[in-house]
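Enquirer: Please find the sequence and the predicted model below.
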Amino acid sequence: MKLIYHIEGMTCNGCRADVENKLNNIDDVDHATVTLENEQAVINMASHISLDTFQHALSPKYHISLIEEKNIFENSAFAKAEPKQSKLQQLKPLFLILGYITIATLLLNYSRENWNEAMLDFMGLFFIVFSFFKILDLKGFPVSFKMYDPLAKLIPGYAWAYPFIETALGLMFLIRFQVDLALLITLVVLSITTGGVTKTLLDKKSIQCACLGTVLKLPMTEATFIENAIMIIMATIMLIS
């Protein structure tokens, strides 16, 4: 069942992300997509959900109402939207960014015999680039990040500081400053996040991944788990060696 609702009270992309994540956390909601421009939410649900349930899940500043069915296709920008993208198409920005980071790492280290240095460069570039996209929307990122990171749920300030933690780690790896400490912090931070990602995937919740902030809308998929796992493996190898 798919219905379209009008959402009042959203003023920025952070509001949009907040509403979208809260709607997606409601039982029997398969997937909810919210747009700021036309203040609408398209909600796919396994069974009918009352309007009161939606309203109760949202903050008091938001007001949700059902658009009359006869006007759905006249008023909704979704009616003219392109067909739903595949998971691979949705993750295209992530794969492109990882590809560029990999190529840059290879170009910087093609003449080296010791690939430990290459791993440090990869990790440094990874954190710098990913933190950049998070910082582009400092209001929206914490809202999305708190949806699946256990520590961010407990300590709201951690979600706000996370992009800057990534930036600091990236610089530490690139300039080779306190590398062992940076590796330990990486293991702790990414292990916590990966635990939250794993729980989200096992619960089959459809939420937005905040790995590239909220500017690029990426779904939470196995790719998020894999990218974190790669970084954890690299950090472990570096600490052992």
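Expert: Cool, the structure landed.
Enquirer: Any regions of this protein where pLDDT drops low?
Expert: Along the chain, segments meeting pLDDT under 70 span 68-85, 87, 206-208, 214-215, 220.
Enquirer: repeat that with 80
Expert: Scanning the chain for pLDDT under 80 picks out the ranges 1, 14, 68-90, 113-114, 204-223, 241.
Enquirer: any idea where the strands of it begin and end?
Expert: 2-8, 29-35, 40-45, 63-66, 208-209, 218-219 (DSSP state E).
Enquirer: hmm, who's touching the second one?
Expert: Applying CB atoms under 8 Å, 6 or more residues apart in numbering, the set of residues contacting strand 29-35 from outside is 7, 10, 16, 19-20, 23-24, 40-46, 49, 77-78, 206. To be clear about C-beta, it is placed using only N, CA and C from the backbone, and glycine gets the same treatment.
Enquirer: isn't Ile185 right next to Leu169, touching?
Expert: Yes. Using CB atoms under 8 Å, Ile185 is in contact with Leu169, at 6.3 Å.
Enquirer: So these two - more neighbours on which side?
Expert: Leu169 (25 against 16; other CB atoms under 10 Å).
Enquirer: how far is the lengthiest helix in the chain from where the chain is centred?
Expert: Using DSSP state H, we find that the single longest helix of the chain is helix 179-202. Distance of helix 179-202 from the chain centroid (CA atoms, centre = their mean, to the nearest Å) equals 14 Å.
Enquirer: What is it packed up against?
Expert: helix 150-154, helix 156-174, helix 222-240 (3 or more CB pairs under 8 Å, 6 or more residues apart in numbering; DSSP states H and E).
Enquirer: With distance to Leu216 added, can I get those in a markdown table?
Expert: Output for these, formatted as a markdown table (distance: least, CB to CB, whole Å):
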| stretch | distance to Leu216 |
| --- | --- |
| helix 150-154 | 19 |
| helix 156-174 | 14 |
| helix 222-240 | 13 |
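Enquirer: between those, which one is nearest to Ser111?
Expert: Nearest of the helices and strands packed on helix 179-202 to Ser111, taken as CB to CB: helix 156-174 at 18.3 Å.
Enquirer: Give the buried residues for that closest one.
Expert: Tyr158, Ala159, Trp160, Tyr162, Pro163, Glu166, Thr167, Ala168, Leu169, Gly170, Met172, Phe173 (16 or more other CB atoms under 10 Å).
Enquirer: Could you dump those residues into a markdown table with distance to His31 added?
Expert: Listed next are these as a markdown table, based on distance: CB to CB, whole Å:
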| residue | distance to His31 |
| --- | --- |
| Tyr158 | 28 |
| Ala159 | 23 |
| Trp160 | 27 |
| Tyr162 | 26 |
| Pro163 | 27 |
| Glu166 | 28 |
| Thr167 | 32 |
| Ala168 | 35 |
| Leu169 | 33 |
| Gly170 | 33 |
| Met172 | 38 |
| Phe173 | 37 |
